[in-house]
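# Test case, fold it:
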Amino acid sequence: MSYFYRNLAVEIAVALIVIVALVGGVVFFRFRVSDAVLKISAVRAELSSRSELLQSFSVLKSQYEDKGKNYLNVLHNVVPTKDQLIDLRQEFQSLATRENIGFGFSFSAGDEAAGGSELGSLNFNLNVKGTIDELLAFMFYLQNFRYLITLDELAMTRQGSEIQMIIKGQIYYRPS
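Residues are numbered from 1 along each chain as shown. Okay, here's the model as predicted:
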């Protein structure tokens, strides 16, 4: 009988080892599968997000093709390169001549260089002299000037029937 119990004990031990190994394998693979499920759901969410972004990009690209390109040409005309500003003095002078006013022009310090997608700017001073009506007409033309400008300072002094106006401003340019 001892042989029977010894064989029974060995078979029970082997069975227990096999059962423990199987349970250990099931637990191990269960955790691996749950980790894989979490990773798959994260990848699925990212794919969904990228799909939405791609659709938005597609809409933006089609809108750019339909409408944006036309405005880009307008912007290129309104915001010139720095080289295109070489005749700026003559353009201001032709405005002044059109209105019969005295004219002086100079660039001033404090320029900002263009870089990357940032616009650069050149500071300028205008010194004009004329009647109030002539100066108002000149200001109207400045308001509708062909390039993008801002007027920072305006000083007026009266000299008899004429008014002298000193205008400080900036003209913007894009990188070449």
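
# Quick one: mean pLDDT for stretch 81-92?
The average pLDDT within stretch 81-92 is 84.

# Tell me if I am right that L154 is in a helix.
No: read with DSSP: H, G, I helix; E, B strand; the rest coil, L154 is strand and lies in no helix.

# tally of neighbours for it?
Residues lying near L154 (other C-beta atoms under 10 Å) number 12. Backbone N, C-alpha and C define where each C-beta goes, glycine included.

# wait, it sits on I166?
Yes: the pair L154 and I166 passes the contact test of C-beta atoms under 8 Å, sitting 7.5 Å apart.

# Pull the contacting residues for Y141.
With contact taken as C-beta atoms under 8 Å, 6 or more residues apart in numbering, Y141 is in contact with 95, 98-99.

# So which of these is the closest to H76?
Using C-beta to C-beta, L95 is the member of these that lies nearest H76, at 22.1 Å.

# Now name the helix or strand holding that closest one.
L95 is part of helix 88-98 when elements are defined by DSSP states H and E.

# list the helices and strands that helix packs on?
strand 102-112, strand 120-130, helix 132-143 (3 or more C-beta pairs under 8 Å, 6 or more residues apart in numbering; DSSP states H and E).

# How far away from the center of its chain is stretch 38-46?
In terms of C-alpha atoms, centre = their mean, to the nearest Å, the centre of stretch 38-46 is set 31 Å apart from its chain centre.

# cool, stretch 125-133 as well?
Counting by C-alpha atoms, centre = their mean, stretch 125-133 comes out at 38 Å from the chain centroid.

# can I see the domain layout of the chain?
Here the domain parsing of the chain from automatic domain parsing is 1-78, 82-173.

# And the buried ones among the contacts of Y141, selectable in PyMOL?
Burial among these is assessed by 16 or more other C-beta atoms under 10 Å; the matching PyMOL selection reads:
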select buried, resi 95+99
